[in-house]
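>>> Turn this into a structure:
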Amino acid sequence: MSDYERIASAMDYLVDRAMDQPSLEQIAAHVHLSPYHFQRLFCRWAGTTPKRFLQVLTLERGKVLLENSHSLLEVSHELGLSGSSRLHDHFVQLEAVTPGEYKSRGKQVHIEYGVHSTPLGPMFVAVTRRGVCQVEFMDFNSLEELLENLQTAWPLGSISESLLSTRYVIDAFFNSDTASKHGPLSLHVTGTNFQVAVWRALLKIPSGAVASYSQVAKALGAPKAARAVGNAIGANPVALLIPCHRVIQQSGALGGYRWGPAKKLMVQTWEKMRDKPVAL
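Numbering: from 1, shown residues only. All right, here's what the predicted structure looks like:
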């Protein structure tokens, strides 16, 4: 088992057993390491201690997060169904596929993909010349299935593997030192006007914060469209970079996530720890 697999397994274990408050010895035993070595490994990969990670899981959930996130989206003047506004000075720039590009079905578009190890498990990344077109966790799909889905989305496009060409996407989220060299990331995605508007709205939710489905709907000027917002979020083709993990139910419940609620909670907690690392 590699180091990142041990950390992903430990995070899964913590999410599953959070209410039991497992000890350091129990968590270390789960990944077959001594407490000393596990503590050092976890701190190096997650940027915090297992104890602090567990605290965030149990103390800063649901309604507490929502109470601190009111009006995060409502103050934005760049949201709307037109999708014509640019996101300025932002970490991610989203560009929707044009009608002409959609009609051409990916003709003359070359897509490169790679599978990369991360603290949250292996991830599939695909990019075109214009930007990132797909990012997925590989918890429930094989590489063959993901490549088949990619070819379906771009039926006339050519696809080849390149770890070198896709590495920068992983660095942008997991390695802040390397990410700064690349500047803002561009996304090259296909979606309806409403889906693209929802995805743009998600980019406005700060890292480590959350919003409810109804808050996103209200920010788009469609307060009764919370269910449609949920459907658009479920169709998000770019995990992490379009942060669908930052949207939860108004009640404080996690809500749906394509890769399962445990992964959603893991991403939220890891992101919060990344933004506020613990001094060791």
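>>> Pop the domain breakdown of the chain in here.
Here the domain parsing of the chain from the TED database is 3-104, 110-174, 193-274.
>>> Tell me which of these sits most buried.
Most buried of those, by mean neighbour count (mean count of other Cβ atoms under 10 Å): domain 193-274, with a mean of 20. Placement of C-beta: from N, CA and C, glycine included.
>>> what's the most centrally placed residue in the chain sitting at in phi/psi?
Centroid check for the chain by Cα atoms, centre = their mean gives Leu240 as the closest residue, at 1.6 Å. Dihedral angles of Leu240 (phi, psi; degrees, to the nearest 10) stand at phi 70, psi -60.
>>> Then Ile205?
Per-residue torsions, Ile205: phi -80, psi 120 (degrees, to the nearest 10).
>>> Identify the spatial nearest neighbour of it, chain neighbours not counted.
Leaving aside its chain neighbours, Ile205 sits nearest to Arg246 (4.5 Å; criterion: Cβ to Cβ, 6 or more residues apart in numbering).
>>> Isn't the one you found up against Tyr213?
No. Contact criterion Cβ atoms under 8 Å: Arg246 and Tyr213 do not qualify, at 11.2 Å.
>>> how much space between Leu203 and Gln21?
35 Å (Cβ to Cβ, to the nearest Å).
>>> And Thr152, by the same measure?
Taking Cβ to Cβ as the measure, Thr152 falls 45 Å from Gln21.
>>> got a list of what Ile7 touches?
Contact analysis of Ile7 by Cβ atoms under 8 Å, 6 or more residues apart in numbering lists Leu41, Phe42, Trp45, Ala46, Pro119.
>>> please redo it, this time with the cut-off set to 10 Å
For Ile7, the contact set (Cβ atoms under 10 Å, 6 or more residues apart in numbering) comprises 31, 38, 41-42, 44-46, 50, 118-121, 270.
>>> out of those, who's nearest Ser104?
Thr118 (32.8 Å; Cβ to Cβ).
>>> My read is that that closest one contacts Asp3, right?
No. Thr118 lies out of contact with Asp3 (Cβ atoms under 10 Å); the separation is 11.4 Å.
>>> Please identify every residue contacting each of those two.
Residues touching both Thr118 and Asp3 (Cβ under 10 Å, 6+ apart) are Trp45.
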